[in-house]
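Provide a 3D model corresponding to the input given below.
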Amino acid sequence: MNKLKLYSELARPFTLLPPALGVISGAVSAWGAHQTKAPVTWELIYPILLGTAMAAVLNAANNAINQIYDLDIDRVNKPSRPLPSGRMSLTEAWSFTIVAFVIANILAFLVSPVGGRECFWIVLFTTFMCWIYSAPPLWTKRRGIWANITIAIPRGVLLKVAGWSTVKTVMDAEPWYIGTVFGLFLLGAASTKDFADIEGDKAGGCHTLPIDYGVKAATWIMAPFFVIPFMLIPIGVYAGILTGNAMLLNLLGSVLVVYGCYTVWLLVRNPDELATTENHPSWTHMYQMMMLAQIGFALAYVF
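Got it, this is the predicted structure:
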């Protein structure tokens, strides 16, 4: 039981819900797109369940490999985690990581709706992105804006497209447009986690926004990404790219823009607080905005 608890800590289970929800939201959006709702049968639900499990397992693998290569940094920033505290060995962490990556890719391979193996190829590429973010030689986590890019593409753009692929082919502009909304949001919002980690990141040679530009300037660099991406939702409706319920999509876009402005206010009113508070409210709101957007898109394609 102690080992299971350790592996659970390594996986960081509270971070597994957003990607799982992202796949479900993408799948529901695909189901309701173009007003072509197929009958809800086991044949429809089964690949969605596989995709949902895949997203959670893949994120667990990503969390684990990140902690392996961030061991020196975590000794400063998060010493109570399993590896820096000495409660888990690197061998155990590597075993968990490899098994989780393999299981995630097997689950993706088993998802084979109309589009064939599209989900598998997306997840295989995402696995590569996880590697280059956390591990040498590229180690994009330590390379400034490249860290944000290698978070935004798999966790924003491709997550939605992977969810879509469990129901329909991704050879359609709509899933990529939706993914772009989430990708642009994460391109800036992903940096909220870097402010409290400045000390350890500096020691580990990382180049994050707050390290390279200072806390105040980094805050203003991030701010537009909490608002502008969600303006694309009503634009997509108007252009005919988004085919869900127009009223609900426009409402969703408006709510997220207002929510984003509020989060920006939290960021800029006292930027230095970001670097001294371990769990700043803006970090919580970033996750809540992501969850609201996922649920909102799903509802807009159901009704």
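
for this structure, what are the low-confidence residue spans?
By pLDDT under 70, the weakly predicted segments of the chain are 1, 113-115, 274-280.

By residue count, which helix of it is the longest?
helix 42-69 (DSSP state H).

Which secondary structure elements does it sit against?
Using 3 or more Cβ pairs under 8 Å, 6 or more residues apart in numbering; DSSP states H and E, the elements in contact with helix 42-69 are helix 2-11, helix 17-32, helix 90-110, helix 118-134, helix 159-165. Every C-beta, even on glycine, is put in place using the N, C-alpha and C of the backbone.

what's next to stretch 42-52, contact-wise?
20, 23-24, 27, 31, 38, 107-108, 110-113, 119, 162-163, 165-167 (Cβ atoms under 8 Å, 6 or more residues apart in numbering).

Tell me the buried residues in it?
The neighbour-count criterion (16 or more other Cβ atoms under 10 Å) identifies 44, 47, 48, 49, 50, 51, 52 as the buried residues of stretch 42-52.

export the residues you listed to a markdown table and tack on distance to residue 262?
Listed next are these as a markdown table, based on distance: Cβ to Cβ, whole Å:
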| residue | distance to residue 262 |
| --- | --- |
| 44 | 37 |
| 47 | 37 |
| 48 | 33 |
| 49 | 35 |
| 50 | 37 |
| 51 | 32 |
| 52 | 30 |
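
Of the contacts of stretch 42-52, grab the buried ones for PyMOL.
Remark: buried members of these, expressed as a PyMOL selection using 16+ other Cβ under 10 Å:
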select buried, resi 20+23+24+27+31+107+108+110+111+112+113+119+162+163+165+166+167
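
now what about stretch 80-90, what contacts it?
6, 9, 10, 67, 68, 71, 74, 75, 78, 79, 93.

10 Å - rerun?
2-3, 5-10, 12, 64, 67-68, 70-79, 92-93, 95-96 (Cβ atoms under 10 Å, 6 or more residues apart in numbering).

Nearest approach to residue 239 belongs to which of the helices and strands packed on helix 42-69?
The closest of the helices and strands packed on helix 42-69 to residue 239 is helix 17-32. By Cβ to Cβ, the value is 16.5 Å.

helices or strands next to the closest one in the packing?
When contacts are defined as 3 or more Cβ pairs under 10 Å, 6 or more residues apart in numbering; DSSP states H and E, helix 17-32 sits against helix 42-69, helix 159-165, helix 173-189, helix 281-302.

Tell me which of the ones you listed sits most buried.
Of all these, helix 159-165 has the most neighbours on average by mean count of other Cβ atoms under 10 Å, namely a mean of 31.

Check the offset of that helix from the chain's centre.
Distance of helix 159-165 from the chain centroid (Cα atoms, centre = their mean, to the nearest Å) equals 12 Å.

got the CA coordinates for that helix in PDB?
The C-alpha trace of helix 159-165 is given here as PDB (Å, rounded to 0.1, in the frame of the first residue of the first chain):
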ATOM      1  CA  LEU A 159      -5.500  17.000 -26.600                       C
ATOM      2  CA  LYS A 160      -8.700  18.300 -28.200                       C
ATOM      3  CA  VAL A 161      -7.900  16.800 -31.600                       C
ATOM      4  CA  ALA A 162      -7.100  13.400 -29.900                       C
ATOM      5  CA  GLY A 163     -10.500  13.500 -28.300                       C
ATOM      6  CA  TRP A 164     -12.200  14.300 -31.600                       C
ATOM      7  CA  SER A 165     -10.400  11.400 -33.200                       C
END
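
one step back: which one of the helices and strands packed on helix 17-32 lies nearest to residue 126?
Here helix 42-69 is closest among the helices and strands packed on helix 17-32 (Cβ to Cβ), at 6.6 Å.

That closest one to helix 118-134, inter-axis angle?
Here the directions of helix 42-69 and helix 118-134 differ by 10 degrees (axes from the mean of the first three to the mean of the last three Cα atoms, to 10 degrees).

returning to that earlier point: and residue 219, which of the helices and strands packed on helix 17-32 is closest to it?
That would be helix 281-302 among those, by Cβ to Cβ, at 9.1 Å.

now the contacts of stretch 80-90: which count as buried?
6-7, 9-10, 12, 64, 67-68, 70, 73-75, 77-78, 92-93, 96.
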